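*Asks:* task: produce atomic coordinates for the following.
(chains A and B)
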Amino acid sequence: MSVFWTILIVLALAALGYILGRQKALNSVGGDSRRMHSLPRYYGWNVAIFTMVPAFLVLIAWMFAQAEYVERHVTSMIEPADIGEGSNLSLVMADVRRLASGLETAISTGAMTADQVMALDASKDDIRGMLGKVGVAFGSDVTPHILAAAQNYREIVSAASVYRAIAVLAVALIGFAYAYAQTNGSFWARNRVEQVTLGLLILCSMIAIATTVGIILSMVFETGHFFGQYSWTEFFFGTTWSPNFHGNSQLGMLPLLWGTLYVSAIALAVAVPIGLFAAIYMSEYASPRFRSIAKPAIEVLAGIPTIVYGLFALITVGPLLRDWLAQPLGLGNSGSSVMTAGLVMGVMIIPFVSSLSDDIINAVPQSLRDGSLGLGATPSETIRQVVLPAALPGIVGAVLLAASRAIGETMIVVLGAGAAAKLSLNPFEAMTTITVKIVSQLTGDTDFAAPETLVAFALGLTLFVITLGLNILALYIVRKYREQYE
Amino acid sequence: MTDATANASARRTGSLLVPDARTRRRNAAEARFKIYGLAATLVGMVALVMLLISIFSSGTGAFFQTFLHIPVTLDAAVLDKSGNRDPAEMQKVTTIGYAKVLNASLQKVLDDKGMAVAGLTDKDVADMISKEAPAQIRNMVLANPALIGQTVDMTILANGRIDGYFKGRVSMESAQLDKNVSPRQLELADKMRAAGMLTTDFNWGFLTSGDSSDQRPESAGLGVAIIGSLYMMIVVLVLSLPIGVAASIYLEEFAPKNRWTDLIEVNIANLAAVPSIVFGILGLAVFINFAGLPQSAPIVGGLVLTLMTLPRIIIPARAALKAVPPSIRDAALGVGASKMQSVFDHVLPLAAPGILTGMIIGLAQALGETAPLLLIGMVAFVREFPGAPPQGFFDPASALPVQVYNWTQRSDPAFVERASGAVIVLLVFLLIMNAVAIILRRRFERRW
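*Replies:* Purely as a prediction, here's the structure:
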């Protein structure tokens, strides 16, 4: 029985439990709900929760355990000879899984019976052809061991799915029976239900922690593998980036870091003055009418997906810069360049700088402005000499947040900056960034044992640490500043 | 002490009505400062306008396509040799057979109308039809074998270059350098257009059909990507709405103030600012390599986007809960409700519009996200539509923003038009979602 149907049945049981539990509680007090401890619905919920929660926990645990068991059992059936040149165990296992699901499809569509599948012989039967008929494409020829492993795999999985359904439904029924037996008008159902609800709420709020832990663990683990194969000094201080899937790669991070910082610097050089001046103009000078148009217009920039900016860089800004600046000045003839990506990214982060700065400038107490204006300063003198110094920590925080955005941005640089890892000063040359290389090393056919793939995790961890550092610093500065005036 | 006023240069002389040099300088600085501010604001707005003009001018073409209208004689001798209309046997005729029939029909029409252009071979004429057209006819015939032997008026796709010629992407000059199209073919195309055989119509296929290979930009569509994005949004909605609301309720209403909840809060604030590509790495390592979920599947994309969207939903949801005044809670507790009842029966319904607004905006962000999806294999070339849910969540699919990226990586410039068209579709979806959020906020927002 599939997981989906198991879940549906458990849910149906729970719904039934709700109705029966509520009814039983009401009956026990002769239909007079005033004589019950809790409202009738809590008795229903109590039964429903006892039906669902343990059953789903068992289901989840079962799925993990089954995956682990099958993997171990089947992996032991594959012999080193089955792993071909340039392949590895995980690729072979993927083949086994695909073959097993192909056999399963063949059975469910009625092309073969379960007995026929078990009787297949790789040396005699054309298994690829048979699977092709039921619509499962299979890349390579099937060796006897892989077939045996797949047959075994299919058998375990299909047997296990029956046991799983039985186990889960049994737990659901036991929970149902226990809670139902307990139900009567004097039972404290509300307290029980509220306890479970609180537990669920806490569980949900833990997911944020789990995500962070997951991010860190997954990257640290693979980065550890990477540094097992490649020296960390060469990674952090190497100046050549030339991955080569035949080995002998040079994976120095410095050119990527340089590209990242260069693009981000240009982006900030564009976004900080524009964003800051826009924020000042809108909070101190603009008429309400102008502001009601300009503020949303600038904030729309923040809502546009980055792929759109990337396309803008690729089809408009890149060619424009190339034809009007780079080529006439003799600085290069590439459409994708640090300048292209930097300018477009600058536009993207204008709203981050402007709306954060706007909030911070508005938080500066009016009395400071009034004092300065009262002494005869012009509005611009007031802004430059009173408001901005008072808002400075917050603005620095906003700029740091924008910088972390710029460093972690991917699609604009993938489409706008190019793919060549270079240490160059010319902003009209194509360079590449950390994020571009993460994408290029992890897309397509990847082999998770090779340092050329694993390096992406090391790059990701570096990126994560840099942006996390900037974020924490920015949040710290902003928080500290806000406390001053509140 | 008398020295203090003795500084003669600072003392004002002359009329108060005539500004002195220093005042003029200060006023000029003031005016300049104001102009800088205005200029910066305008630069931001101009950038937005340029972006939109650039996308719309290059993308609207994708919604229109050149179609060829000709009567096609479905020759039984080619398509069904045995003549018994047995679908199993007709399956054996490949698109090559249909191409033959199609080319013969086109040739016949051209001969009848006397439109032949000197120097064009039969193959050149055949190349003006999309390579996708024979497959379309084949599907049509297999669905309805009775058509065989008849002459049917058909509307089929013209080749991408011919389409480009009518959209201004291909010109006589560029055709001379292009080995895929010749000026003579364009000449014939002009004649056919004058005869009404070639027309440019609204291209429904762009919204409904799947992706196509590098050689056939004219038949590439967004159907699979739209379905894939829809599936992912369903996953994100189903997971992140309950989890996000539950987490914000706990943190806002129940959590004691201690180190542990502080840690969770800092964590959420930081997760909201973690680069999206890092979530892609997480998805690849955990959902694909560890849990063994299939690549390119909407379920994996949905899970990754859920993790990414959660903090972005929790933050506005908490703000909405916080905005409900304490008097509501006090009143509920005062008439004997438990803490849990006061939250679920009173605070939550009042905060619901704010939570939903945040949810929709979070979904809109998730819809436009590309980078994490690249890492979990969404870039793969997917032509086939995923199945119906729930199995469809595990089938390979594409997603709108990833389809844009995919098309920018192809060499044929016709795909740039498609990519911009896809961006327009994406922006329309985002516009609708944000408009709904704004309406919701306007209509239900309560000021206490």
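*Asks:* residue of the stretch 51-200 of chain A nearest chain B, please.
*Replies:* residue A:194 (4.4 Å; CB to the nearest CB). Yep, even glycine has a C-beta here, placed from its N, CA and C like the rest.
*Asks:* check contacts around the residue nearest to that residue when sequence neighbours are not counted.
*Replies:* Nearest residue to residue A:194, sequence neighbours excluded (CB to CB, 6 or more residues apart in numbering or on different chains): residue B:340, at 4.4 Å. Residue B:340 makes contacts with A:194, A:197, A:198, as judged by CB atoms under 8 Å, 6 or more residues apart in numbering or on different chains.
*Asks:* buried ones only from the residues you listed, please, as a PyMOL command.
*Replies:* Typed into PyMOL, the line below selects the buried ones among these, using 16 or more other CB atoms under 10 Å in any protein chain shown:
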select buried, chain A and resi 194+197
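*Asks:* what about residue 367, neighbour count?
*Replies:* Just so you know, I chose chain A. 8 (other CB atoms under 10 Å in any protein chain shown).
*Asks:* try chain B instead
*Replies:* 22.
*Asks:* ok, now which ones touch it?
*Replies:* Counting by CB under 8 Å, 6+ apart, residue B:367 has contacts A:305, B:229, B:233, B:400, B:401, B:426, B:429, B:430, B:433.
*Asks:* got a markdown table for these, with neighbour count, distance to residue B:61 and pLDDT too?
*Replies:* Converted to a markdown table, the contacts of residue B:367 look like this (neighbours: other CB atoms under 10 Å in any protein chain shown; distance: CB to CB, whole Å; pLDDT from 0 to 100):
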| residue | neighbour count | distance to residue B:61 | pLDDT |
| --- | --- | --- | --- |
| A:305 | 23 | 21 | 93 |
| B:229 | 27 | 22 | 93 |
| B:233 | 21 | 28 | 94 |
| B:400 | 25 | 18 | 92 |
| B:401 | 28 | 20 | 93 |
| B:426 | 26 | 16 | 94 |
| B:429 | 18 | 20 | 94 |
| B:430 | 22 | 21 | 94 |
| B:433 | 19 | 25 | 92 |
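*Asks:* mind listing what's buried in the helix or strand that contains the residue nearest to residue A:194?
*Replies:* Per DSSP states H and E, residue B:340 falls inside helix B:339-342. Buried residues in helix B:339-342, defined by neighbour count with 16+ other CB under 10 Å: B:340, B:341, B:342.
*Asks:* list the contacts of the second one.
*Replies:* Applying CB under 8 Å, 6+ apart, one finds that residue B:341 lies in contact with residue B:332.
*Asks:* mind running it again at 10 Å?
*Replies:* The contact partners of residue B:341, by CB atoms under 10 Å, 6 or more residues apart in numbering or on different chains, come to A:39, A:42, A:190, A:194, B:332, B:333.
*Asks:* again with the last one
*Replies:* Residue B:342 is in contact with B:253, B:328, B:329, B:330, B:331, B:332, B:333, B:334, B:335, B:336, B:348, counting by CB under 10 Å, 6+ apart.
*Asks:* can you rerun that using 6 Å?
*Replies:* Residue B:342 makes contacts with B:329, B:332, B:333, as judged by CB atoms under 6 Å, 6 or more residues apart in numbering or on different chains.
*Asks:* close enough to count as contact, residue B:316 and residue B:358?
*Replies:* Yes. Here residue B:316 lies in contact with residue B:358, judged by CB atoms under 6 Å, at a distance of 2.9 Å.
*Asks:* higher neighbour count, those two?
*Replies:* Taking other CB under 10 Å, residue B:316 and residue B:358 do not tie; residue B:358 has more neighbours (24 against 19).
*Asks:* element containing the residue of the stretch 51-200 of chain A closest to chain B, please.
*Replies:* helix A:189-229.
*Asks:* with residue B:153 instead?
*Replies:* Using DSSP H and E, the element containing residue B:153 is strand B:151-157.
*Asks:* quick one: contacts of the strand ranked longest in chain B?
*Replies:* Scanning chain B for the strand with the most residues, using DSSP state E, yields strand B:64-73. Here strand B:64-73 makes contact (CB under 6 Å, 6+ apart) with B:105-106, B:109, B:151-156, B:158, B:162-163, B:166, B:197-201, B:203.
*Asks:* quick one: pLDDT of residue 121?
*Replies:* You didn't say which chain, so I picked chain A. Note on residue A:121: pLDDT of 68.
*Asks:* the intended chain is chain B.
*Replies:* pLDDT, read off for residue B:121, is 79.
*Asks:* tell me how many other residues crowd residue 378.
*Replies:* No chain was given, so I picked chain A. Residues within reach of residue A:378, counting by other CB under 10 Å, total 18.
*Asks:* um, chain B though
*Replies:* Neighbour count of residue B:378, defined by other CB under 10 Å: 31.
*Asks:* ok but it is inside a helix, no?
*Replies:* No. Under DSSP: H, G, I helix; E, B strand; the rest coil, residue B:378 sits outside any helix and is assigned coil.
*Asks:* does it touch residue B:404 like I think?
*Replies:* No. Counting by CB under 6 Å, residue B:404 is not a contact partner of residue B:378; they are 11.7 Å apart.
*Asks:* distance of the nearest residue to residue B:156 once chain neighbours are set aside relative to residue B:99?
*Replies:* Nearest residue to residue B:156, sequence neighbours excluded (CB to CB, 6+ apart): residue B:133, at 4.1 Å. In this view, residue B:133 and residue B:99 are 8 Å apart by CB to CB, to the nearest Å.
*Asks:* same question, residue A:246
*Replies:* Distance from residue A:246 to residue B:99, by CB to CB: 42 Å.
*Asks:* neighbour count for these two, which is higher?
*Replies:* Neighbours per residue (other CB under 10 Å) separate residue A:246 from residue B:99, with residue B:99 holding more: 18 against 7.
*Asks:* so how far is the helix or strand containing residue A:153 off the chain centroid?
*Replies:* Using DSSP H and E, residue A:153 maps to helix A:144-182. Chain-centre distance of helix A:144-182: 31 Å, with CA atoms, centre = their mean, to the nearest Å.
*Asks:* please point out which parts of that helix sit buried.
*Replies:* Neighbour count says helix A:144-182 has A:145-154, A:156-157, A:160-161, A:164-165, A:167-169, A:171-172, A:175-176, A:179-180, A:182 buried, by 16+ other CB under 10 Å.
*Asks:* just name whatever secondary elements it is in contact with.
*Replies:* The contact analysis (3 or more CB pairs under 6 Å, 6 or more residues apart in numbering or on different chains; DSSP states H and E) places helix A:144-182 against helix A:3-28, helix A:40-75, helix A:89-108.
*Asks:* and those: which comes nearest residue A:297?
*Replies:* helix A:3-28 (46.4 Å; CB to CB).
*Asks:* what about that closest one, average pLDDT?
*Replies:* 90.
*Asks:* mind listing what's buried in that helix?
*Replies:* Of the residues in helix A:3-28, those buried (16+ other CB under 10 Å) are A:6-7, A:9-11, A:13-14, A:17-18, A:20-22, A:24-26, A:28.
*Asks:* what of stretch A:41-48?
*Replies:* Within stretch A:41-48, the residues that count as buried by 16+ other CB under 10 Å are A:41, A:42, A:43, A:44, A:45, A:46, A:47, A:48.
*Asks:* kindly report the same for stretch B:250-262.
*Replies:* Buried residues in stretch B:250-262 (16+ other CB under 10 Å): B:250, B:251, B:252, B:253, B:254, B:255, B:261.
*Asks:* out of everything not next to it in sequence, what's closest to residue B:76?
*Replies:* residue B:149 (4.4 Å).
*Asks:* the one you found belongs to a helix?
*Replies:* No. Counting by three-state DSSP, one finds residue B:149 to be coil, located in no helix.
*Asks:* that one: neighbouring residues, count only.
*Replies:* Applying other CB under 10 Å, I find that residue B:149 has 15 neighbouring residues.
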